[in-house]
Structures are given as structure tokens and as C-alpha cells.
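Enquirer: coords please:
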Amino acid sequence: MLKGEKPQHLGGGAPVVPSAPSTVAGLNFVGFDVETANDDWGSICQIGLVKYVDGVEESSESWLCTPPESLNFFNEINIGIHGITPEMVADQPRFADLVPKMVEFVGDLPLVAHNAQFDFTALSRACAASGIDVPEMIYGCSLTLARNEKLQVENHKLPTVASHLGFELKNHHDAAEDARACAAITIALAKRHSFEGSFVDFVHSRGFTMGTVDNARVYPVLKDRSGANVALQRRNFGLDAGKTEVPVQPAVDPAWETPKAEPKKQSGRRAPWDKVATPEVIPDPNPDADPSSILYGQNVTLTGDFEPYEKGALWQRIADQGALIGKNVTKKTTILVAGPWATITSKQKRAEELKEKGQDIQIWDEKQLFTALGLDEQPPF
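Expert: Presented below is the predicted three-dimensional model:
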């Protein structure tokens with residue numbers, strides 16, 4: 001029963017009391033969301049946290065705050081999204097003053113956010129702008145978990161997925177409500193798989209590594225089809241490596257299921273880099289591309305992970321801007337784009353070697369590529 005809700009009487013009989021929410025034993029974590037004042041991810045003006053024990057909400061916190069001093073200005077676009085104005089935060093604590101409270105609330109629990117790379121990069125940037133240490137945390141992403149399921153949804157925005165899984169998000173872009181919604185998605189997906197156990201076990205069981213954040217960097221949640229990186233992370237976390245296995249196939253919505261194709265013969269174990277395997281067909285450069293494009297005339301090679309975008313789709317967009325695509329790093333390569341990966345890839349090592357020898361080769365990260373292509377790091381949520 002919700003707080004303040006009265007028992008219902010049907011037909012004059014005894015009160016009908018809603019049943020308590022079902023639990024997921026061991027699923028303890030904190031839902032997390034931030035709102036920002038402007039287009040700098042570090043301009044945090046609201047923090048939302050919701051704690052769950054055994055998959056049931058236990059407590060929550062929501063704080064308005066003044067963004068870090070160098071980032072303390074509001075864009076009309078952001079105000080239009082969340083409704084938070086400069087006047088509303090003028091007398092609120094500084095972001096830096098809330099970090100200890102956040103750390104105390106979270107304790108040693110893992111966190112989850114929807115498009116978690118944004119929220120934890122925002123946390124990292126806000127701490128850096130405030131001149132304070134970034135709290136060390138591990139986290140999962142309800143967006144990646146939802147994408148991994150074959151849900152019958154038109155998109156994977158937070159309200160869409162939450163609604164599909166039975167949670168009504170009434171106040172989107174309120175930090176606490178969004179944190180509650182991403183937690184509800186996580187719990188619903190755990191129940192779909194009849195899962196019991198820790199949050200880390202669940203993320204690992206779906207074939208993902210946990211993301212991490214500390215003073216050094218924000219490391220993203222990554223898909224691991226082989227299980228090698230999950231096993232390594234479990235050892236690093238001091239967990240039983242044999243307790244969870246990477247799934248071969250996610251659960252499928254009955255209405256979304258398609259006929260199974262004839263299985264292809266495979267030999268040996270799938271390598272951890274299988275998910276970023278190079279596509280077979282290389283698109284030709286667009287002869288009518290705009291010569292002023294930063295990619296025009298470049299020889300571009302990709303390495304690493306570019307989720308949520310498929311490498312083949314990125315190749316096509318790069319070729320559309322007049323660039324030549326290369327499968328490998330060669331003496332003709334002018335740009336290597338290195339997406340996130342557990343270690344430095346052989347392509348990046350080769351590019352660095354050629355660069356040291358004097359070759360004019362740029363090494364980009366995925367953000368630079370997405371900017372050049374006019375893409376968001378994640379579709380809007």
C-alpha cells in the first residue's frame with residue numbers, strides 16, 4: 001500500500017489491502033539520476049537516489065544543489081526539460097557539499113542509472129570542477145540491460161521501457177523519480193529471468209561488466225559475449241567466478257519473437273572481441289561529399305566498442321562524409337577511432353607505433369567520432 005493510501009472496500013466486505021511488492025532476494029542496490037543546468041554534463045543541479053533491499057524500495061533522497069561555480073549557469077533548454085531554475089537552487093547546498101551525503105546514503109552498494117555513462121561522467125566532471133575527489137563506485141545501466149532484452153518497444157527511452165515493464169513514470173526528469181524508474185526496470189528484468197542474487201551477479205549474468213568510476217576515469221558498462229571479462233572482473237571483486245554464466249540468448253517478449261534461423265556452425269569459444277568484429281562489406285566513399293567535412297578524404301579505421309551504434313552503420317556514415325574505410329591500421333591510415341575496451345587494442349598499439357615513427361595519424365575517442373558524425377553518445381532519453 002502506498003503511503004497515505006486507505007484500504008479499499010468492495011461490496012461492503014472486508015477491506016482489500018494491496019499485497020506487498022514481491023521481493024528479489026539479494027538484489028540490493030541504489031537507483032541514481034542527476035539533472036544538469038546546461039550542456040556541460042558536470043553542471044549538476046539535482047541528485048536523486050533510491051535504495052533497494054531485496055528488490056524493494058527502502059529509502060530515497062532528492063537534493064537540489066548549486067552547480068559547481070565554474071558551471072553555475074542555466075540554459076533555457078535544460079530548464080524546459082526539468083523545470084529547475086536558478087532561483088530554485090540559489091539557497092540550496094553546493095554540489096560539493098552533497099557528495100559526502102551521497103556517499104553515506106549509498107554505502108558500499110552498487111548503483112544503476114539509465115544511460116549510466118552520462119550520469120557517472122556528470123558526477124566525475126562535477127567533482128573535478130568542484131576540486132574534490134570522485135567517490136569510487138561501481139554501477140550498472142538499465143538502458144544496456146533493457147536493450148539486451150528483445151522487448152516490444154519502439155525505443156528504449158526511460159519512460160517507454162518503464163511503462164512497458166509495468167512502472168508508470170509520472171514526473172520524468174525529476175531525479176528521484178527517474179532513479180526510481182531505472183531501478184524498477186532493473187527489478188522487472190530480474191524477475192523476467194526468475195533471478196535471485198546480488199545486483200552485480202545479475203548484471204554479470206546478463207553478459208555485462210560493471211562500470212566503475214574513480215578519480216582516474218569513468219569506465220563504461222560493456223557487453224562481454226565470451227564471459228572472459230566478466231570472469232576477470234569477478235575475480236577482481238573477490239566473487240565466485242563460477243556463480244554466474246554469460247547468457248547465450250536473452251529472454252524474448254512473446255509478441256516480439258521471430259522464427260529461429262538455422263544455426264550456423266561454429267568452432268571454438270567466442271572471443272571477447274567477437275561483439276566488435278569487423279563487418280565484411282566496406283562502403284565506398286561518397287564522391288559527392290562536402291569537402292569541408294572533417295572526415296573528407298581521411299582514411300579511417302575503428303577499434304573497440306561503439307555501443308549503441310553498430311560498427312557497420314558507423315562505417316556507412318563515415319563513408320558518406322567522403323572518408324575511406326580501412327579494416328586495419330596501415331601506413332595509409334590518417335584517423336584511428338578507439339572506442340572503449342578492456343585493454344589497448346592491437347590496432348591502437350599499431351597506430352601509436354606509426355605515430356611515433358612520424359606518420360600523420362590522429363587517434364580519436366568515440367566522442368570525437370560521434371561529434372563529427374552529428375550523433376549523440378546515446379539516443380535521447
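
Enquirer: could you export the strand or helix carrying Glu104 as CSV, CA atoms only?
Expert: Using DSSP states H and E, Glu104 maps to helix 95-106. The C-alpha coordinates for helix 95-106 follow below in CSV (Å, rounded to 0.1, in the frame of the first residue of the first chain):
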residue,chain,number,x,y,z
PHE,A,95,27.1,20.2,-5.2
ALA,A,96,30.4,19.5,-3.4
ASP,A,97,28.6,19.7,0.0
LEU,A,98,26.2,17.0,-1.1
VAL,A,99,28.8,14.4,-2.2
PRO,A,100,29.5,13.2,1.3
LYS,A,101,25.8,12.8,1.9
MET,A,102,25.5,10.8,-1.3
VAL,A,103,28.4,8.6,-0.3
GLU,A,104,26.9,8.0,3.1
PHE,A,105,23.5,7.1,1.6
VAL,A,106,25.0,4.7,-1.0
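
Enquirer: run through who's touching the helix or strand that that helix is followed by.
Expert: Using DSSP H and E, the helix or strand that follows helix 95-106 towards the C-terminus is strand 111-113. Here strand 111-113 makes contact (C-beta atoms under 8 Å, 6 or more residues apart in numbering) with 29-33, 119-120, 137-142, 179, 182-183, 186, 199. Where C-beta positions appear, they are placed from N, C-alpha and C, glycine not excepted.

Enquirer: so where's the stretch 151-300 of the chain uncertain?
Expert: Within the stretch 151-300 of the chain, the stretches with pLDDT under 70 are 242-280.

Enquirer: for PyMOL, what selects the buried ones among the contacts of strand 111-113?
Expert: Restricted to buried positions by 16 or more other C-beta atoms under 10 Å, the PyMOL selection for the contacts of strand 111-113 reads:
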select buried, resi 29+30+31+32+33+119+120+137+138+139+140+141+142+179+182+183+186+199
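
Enquirer: flag every buried residue along stretch 181-200.
Expert: Residues of stretch 181-200 classed as buried: 181-191, 195-200 (neighbour count, 16+ other C-beta under 10 Å).

Enquirer: in strands only, show me these.
Expert: Nothing among the buried residues of stretch 181-200 maps onto strands, per DSSP state E.

Enquirer: which residue packs closest to Trp315, ignoring adjacent ones?
Expert: Ile325 (5.1 Å; C-beta to C-beta, 6 or more residues apart in numbering).

Enquirer: residues touching the one you found, list them.
Expert: Contacts of Ile325 (C-beta under 8 Å, 6+ apart): 282-283, 285, 300-301, 315, 318-319.

Enquirer: so which of those sit within helices?
Expert: Among the contacts of Ile325, the residues falling in helices (DSSP state H) are 315, 318-319.

Enquirer: sorry, back to before: make CSV out of the contacts of Ile325 and add neighbour count and distance to Glu69.
Expert: As requested, the contacts of Ile325 are exported to CSV (neighbours: other C-beta atoms under 10 Å; distance: C-beta to C-beta, whole Å):
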residue, neighbour count, distance to Glu69
Ile282, 15, 49
Pro283, 16, 47
Pro285, 21, 46
Val300, 24, 39
Thr301, 24, 41
Trp315, 20, 43
Ile318, 25, 39
Ala319, 19, 44
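
Enquirer: what comes into contact with stretch 178-185?
Expert: Applying C-beta under 8 Å, 6+ apart, the contact partners of stretch 178-185 are 29-33, 48-50, 52, 57, 60, 112-114, 142, 145-146, 158-159, 161-162, 165-167, 169, 172.

Enquirer: out of the contacts of Ile325, which one sits closest to Val89?
Expert: Of all the contacts of Ile325, Val89 sits closest to Ile318, with 41.1 Å by C-beta to C-beta.

Enquirer: who does the residue nearest to the closest one when sequence neighbours are not counted form a beta bridge with?
Expert: Of all residues not flanking Ile318 in the chain, Val300 sits nearest, at 5.3 Å (C-beta to C-beta, 6+ apart). Judged by DSSP bridges, the bridge partners of Val300 are Ile325, Ile335.

Enquirer: so what's Val300 up against?
Expert: Counting by C-beta under 8 Å, 6+ apart, Val300 makes contact with 318, 323-326, 333-337.

Enquirer: closest to Phe73 among the residues you listed?
Expert: Minimum distance to Phe73 across the contacts of Val300 is 31.9 Å, recorded for Val337 (C-beta to C-beta).

Enquirer: closest one of the contacts of Val300 to Val106?
Expert: Closest approach to Val106 among the contacts of Val300 (C-beta to C-beta): Val337, at 34.1 Å.
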